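>>> Any chance you can model this:
(one chain, ligands or ions: 3)
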Amino acid sequence: MEQINTALLGTAPGLGDAVQMLQQRRPGYSLPQAFYNSPDVFAADMEQIYGKEWLYVGLTCEIPKEGNFITLEVGNNPITIVRNKQGVQAFHNVCRHRGSRLCTSKKGKVAKLVCPYHQWTYELDGNLLYAGNDMGENFNKAEFPLKKVHTRTGGGYIFISLADNPPEIDDFLAELERYLEPYDLENAKVAVQSEIVEDANWKLVIENNRECYHCNGSHPELLNTLLEFDDTTDPRATDSFKAHVARMGEQWDAEKIPHHHVSFGLRNRMVRMPLAEGKVAMTIDGSHACEKTLGRVKNRELGSLRILHLPNSWNHGQSDHLVTFQVVPMGPQKTKVITKWVVHKDAVEGVDYDVEKLRRVWDATNAQDRTLAEENQRGINSMAYEPGPYSATYEFGVVNFIDWYADTFIGHATGHAGSQT
Ligand code: 3BY
Ligand code: FES
Ligand code: FE
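Ligands and ions are numbered 1, 2, ... in the order given. Next up is the predicted model:
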């Protein structure tokens, strides 16, 4: 391992300490307290993980036309994602004059990007078009384009990376494209979205999502339709579950609906799993929430396509709607979770779908998970907390996430990243 810059070692856990603690952690156990509540570790997470990995930031159908934009924040970095002639491009949402935030609304449509401060005006490709008449003779507009952020899309999903040299993502994007092809997400729309802010570290939000050990005790609405195991690789998977998966798999193969488990290190995984027998969507009674199916989908019994993208997204694609979840760390103990319910773009609210029915199960589930994560955080903040053991049978998904996190953090912090963990 390379020597860590010792100037970074402070009294509270600095980068070197964090690396050392991760190297010395007890595998299969939750992390030391500082990883869940220290401002220094949070800053390091934002730099080493959110600043260097690929982040899921939205869907191409949210910016369907040239000039459409959405804005978001990655830590302290305001970002805008714009549809221009070339496609979808993310920029630092920071004016090259004196640095004002440029786009101030969450979404919109513009012909040019005009700074609200002194009206410097940029083309949709980021080039500076107008900077008033008073910048002097030697002013060269070409020197002040908006700063681009690495942007990639796959199957209608948008990813950005703030890294200078982002990790490899091509293989995952190609598979994502293949798994999402039946859904034609370019011709879909967000029917409704929610934002909740949880008083918990972002890793507790992901940990909670990576296991269903808590489902029986907490998620009655979800368990109307969701099966206990989310893969045949689950050590608890029963023979009857495997037979159900095999039966549905034959149907899906006949319709060219991808369903096999694929993974890319521990960072990404995709698999389509059936819902409970006879249930077609994650609604209270398991019936469909939207009359129109997505894309070329005909069979309503598509179960759910689960997509995991670390560090910040999980997803459930059903036959009539898809639900995406985006995790936005806001502070050491504050995390926003954005949920979007996506339907066919021609589906009409009140005719083809009822928003309440569409969102009810995941609204309930999100609220329940929020309580679990917040209580987890409060206990971890105690002087009595010490790392505890994960169950290898029920919590292997959490173990995988924590292993990915530790390896990725160490890799980036020491400049030895490169594996696709
Ligand atoms: O509403 C906005 O945020 C617009 C105005 C300035 C630039 N931005 C795209
Ligand atoms: Fe944007 Fe002045 S800061 S025009
Ligand atoms: Fe949950």
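
>>> Go ahead and confirm residue 163 touches residue 169.
No - taking contacts as Cβ atoms under 8 Å, residue 163 lies outside contact range of residue 169: 10.9 Å. (C-beta placed from N, C-alpha, C; glycine too.)

>>> for the helix or strand that residue 129 is a member of, packing partners?
Take DSSP states H and E as the rule and residue 129 turns out to sit in strand 128-130. Packing partners of strand 128-130 (3 or more Cβ pairs under 8 Å, 6 or more residues apart in numbering; DSSP states H and E): strand 121-122.

>>> The strand it packs on and ligand 1, are they touching?
No - using Cβ under 6 Å from any ligand atom, strand 121-122 stays clear of ligand 1, with a minimum separation of 8.6 Å.

>>> From the geometric centre of the chain, which residue sits farthest away?
The C-alpha centroid of the chain is most remote from residue 137, which lies 46.2 Å away (Cα atoms, centre = their mean).

>>> who's in contact with it?
Residue 137 makes no contacts at all, as judged by Cβ atoms under 8 Å, 6 or more residues apart in numbering.

>>> So it belongs to a helix, correct?
No - using DSSP: H, G, I helix; E, B strand; the rest coil, the assignment for residue 137 is coil, not a helix.

>>> that older thread, tell me which residues of the strand holding residue 129 come out buried.
Within strand 128-130, the residues that count as buried by 16 or more other Cβ atoms under 10 Å are residue 128.

>>> Likewise for stretch 293-301?
Quick answer for stretch 293-301 (16+ other Cβ under 10 Å): 293-295, 297, 301.

>>> how far is the longest helix along the chain from where the chain is centred?
Counting residues, the longest helix found in the chain (DSSP state H) is helix 355-380. The chain centroid and the centroid of helix 355-380 are separated by 17 Å, computed with Cα atoms, centre = their mean, to the nearest Å.

>>> show me where the chain has helices.
15-23, 34-37, 39-48, 170-180, 202-209, 215-218, 239-254, 355-380, 396-413.

>>> Show me how far the first one is from its chain's centre.
To tie it back to what came earlier, the one meant is helix 15-23. Relative to its parent chain, helix 15-23 has a centroid offset of 25 Å by Cα atoms, centre = their mean.

>>> and it, what does it pack onto?
helix 34-37, helix 39-48, helix 396-413.

>>> Quick one: these as JSON lines, columns for mean neighbour count too.
As requested, these are arranged in JSON lines below (neighbours: other Cβ atoms under 10 Å):
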{"stretch": "helix 34-37", "mean neighbour count": "21"}
{"stretch": "helix 39-48", "mean neighbour count": "20"}
{"stretch": "helix 396-413", "mean neighbour count": "21"}
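
>>> Export stretch 390-409 to PDB, keeping only CA atoms.
C-alpha atoms of stretch 390-409 as PDB (Å, rounded to 0.1, in the frame of the first residue of the first chain):
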ATOM      1  CA  TYR A 390     -24.100  -9.500  10.100                       C
ATOM      2  CA  SER A 391     -26.000 -12.800   9.400                       C
ATOM      3  CA  ALA A 392     -24.300 -14.600   6.500                       C
ATOM      4  CA  THR A 393     -27.700 -16.100   5.600                       C
ATOM      5  CA  TYR A 394     -30.000 -13.100   5.900                       C
ATOM      6  CA  GLU A 395     -27.600 -10.200   5.400                       C
ATOM      7  CA  PHE A 396     -25.100 -11.300   2.700                       C
ATOM      8  CA  GLY A 397     -26.300  -8.300   0.700                       C
ATOM      9  CA  VAL A 398     -25.200  -5.900   3.500                       C
ATOM     10  CA  VAL A 399     -21.800  -7.800   3.800                       C
ATOM     11  CA  ASN A 400     -21.400  -7.300   0.000                       C
ATOM     12  CA  PHE A 401     -22.200  -3.600   0.200                       C
ATOM     13  CA  ILE A 402     -19.800  -3.000   3.200                       C
ATOM     14  CA  ASP A 403     -17.000  -5.000   1.400                       C
ATOM     15  CA  TRP A 404     -17.500  -2.900  -1.700                       C
ATOM     16  CA  TYR A 405     -17.500   0.300   0.300                       C
ATOM     17  CA  ALA A 406     -14.400  -0.600   2.200                       C
ATOM     18  CA  ASP A 407     -12.400  -1.800  -0.900                       C
ATOM     19  CA  THR A 408     -13.600   1.200  -3.000                       C
ATOM     20  CA  PHE A 409     -12.800   3.700  -0.300                       C
END
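
>>> just how off-centre is it within its chain?
That offset, for stretch 390-409, works out to 17 Å (Cα atoms, centre = their mean).

>>> which residues are in contact with that stretch?
Contact with stretch 390-409 is made by 18-19, 22, 25, 27-31, 44-45, 48-49, 53, 203, 206-207, 210-213, 235-236, 265-267, 310-311, 417, 419, 421, as judged by Cβ under 8 Å, 6+ apart.

>>> residues touching the residue of the stretch 151-300 of the chain found nearest ligand 2, list them.
Closest contact between the stretch 151-300 of the chain and ligand 2, by Cβ to the nearest ligand atom, is at residue 162 (21.2 Å). Going by Cβ under 8 Å, 6+ apart, residue 162 touches 50-52, 74, 77, 149-150.
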